[in-house]
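J.: Fold the following.
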Amino acid sequence: MRKAVFWSAGGSVGKSSLALAGAVQLASRGLRVLLVDLDFENPGLHLNLALATPPAGIAALLRLASQKRLSSEEFERLTISLSSPNGKLVLIPGLPNRTRASEINAESLAELFQFCETEFDWVVIDAAVGCFLVDQNTMSNSLIEFFSHSESVVVISSTEPTAIYRLVANWPQLRLVLPEQTHLVVNRVRESVLGKSVRQQVVETFERLLNLSPALMIGEHSKEFDQAIRTGNPIDSSSKSSTVSAAVRSLVGLILDSPSELQLRVAKLG
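T.: From the prediction side, this is the model:
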């Protein structure tokens, strides 16, 4: 079972929306996918799916797993099976409130993932934001566990100055535990603010500040993001031919380490 972690240094950059869309896209390829909401600051994957009253989810599952009492029946009761015509997609909802964040620890997570080992091909983790850094000198064991034992980490930022600042502040410690397959995705890139050379500016900014080039840049797409929240559907569900759908497919290509559609077209032209 392989793991992909979606992480951001702050909120409001589209992390959960992209994690959900990526998980749906993986399942559409015939894979068995477990989507886990581990954002204990603002758990919202159930809201992205318009689910007002999700089951107890991660808190109960971790408790049962740590006590060696987790069964298939309990797992089914505490999770949400989502429709996927080609594969399998199951959601573990997040904590009911942030006061229970201490219940998430590396040991119980390892027990839970071991239980799921034979049932799923991929685990997509919507991880907590920069607050995973306990203080300026200490990184939590959970974050280290996620990153160092994951096949792919997707770091989400936007072009907002606050989002970039938060990422830069977390970066010195973060980069020490990131796996080789780490992809920086810059979301909500707005030409209306940065002008026609926006993509060049974004690349230069992140290369200068992080010594890392964005693997993927996604446009603003406010309409698609708003509609997704309103309808409880993934952001790429409205039109398979839209640019946001192409971006999600490219994102999944990064996770699977397969070439994007653009790369394939370039290869054919070459």
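
J.: I'd like the distance between the closest residue to residue 100 other than its chain neighbours and residue 185.
T.: The shortest distance from residue 100 to any non-neighbouring residue, by Cβ to Cβ, 6 or more residues apart in numbering, is to residue 59 (5.6 Å). Any C-beta I mention is one placed from the backbone N, CA and C, and that applies to glycine too. According to Cβ to Cβ, to the nearest Å, residue 59 and residue 185 sit 29 Å apart.

J.: Between the two, which has more neighbouring residues?
T.: Neighbour count, other Cβ atoms under 10 Å: between residue 59 and residue 185, residue 185 has more, with 25 against 19.

J.: Does the more buried one lie in a helix or a strand, and which?
T.: Applying DSSP states H and E as the criterion places residue 185 in strand 182-189.

J.: The host helix or strand of residue 154 pairs with which strands, and in what direction?
T.: According to DSSP H and E, residue 154 maps onto strand 152-158. Paired with strand 152-158 in the same sheet, following DSSP bridges, are strand 2-8 (parallel), strand 182-189 (parallel).

J.: Just the residues contacting the strand holding residue 185, thanks.
T.: For strand 182-189, contacts defined as Cβ atoms under 8 Å, 6 or more residues apart in numbering pick out 13-14, 18, 152-160, 198-199, 202, 206, 210, 212-222, 251, 254-255.

J.: Report the buried members of the residues you listed.
T.: 13-14, 18, 152-159, 198, 202, 206, 210, 212, 214-221, 251, 254-255 (16 or more other Cβ atoms under 10 Å).

J.: How about stretch 244-259, which residues are buried there?
T.: 244-256.

J.: correction: stretch 40-55
T.: 40-49, 54-55.

J.: would residue 143 count as being in a helix?
T.: Yes - looking at residue 143 with DSSP: H, G, I helix; E, B strand; the rest coil, it is inside a helix.

J.: Need the pLDDT of residue 39.
T.: We note a pLDDT of 85 for residue 39 in this prediction.

J.: quick one: it and residue 45, what's the gap?
T.: Using Cβ to Cβ, residue 39 is found at 8 Å from residue 45.

J.: Then residue 116?
T.: 17 Å.

J.: If we go by neighbour counts, what in the helix or strand following the strand holding residue 154 is buried?
T.: Following strand 152-158 in sequence order, the next helix or strand is helix 161-174 (DSSP H and E). For helix 161-174, the neighbour count (16+ other Cβ under 10 Å) marks 163-164, 166-167, 170-171, 174 as buried.

J.: Mind putting those residues into JSON lines with distance to residue 148?
T.: Formatted as JSON lines, the buried residues of helix 161-174 follow (distance: Cβ to Cβ, whole Å):
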{"residue": "163", "distance to residue 148": "24"}
{"residue": "164", "distance to residue 148": "25"}
{"residue": "166", "distance to residue 148": "22"}
{"residue": "167", "distance to residue 148": "19"}
{"residue": "170", "distance to residue 148": "16"}
{"residue": "171", "distance to residue 148": "16"}
{"residue": "174", "distance to residue 148": "12"}
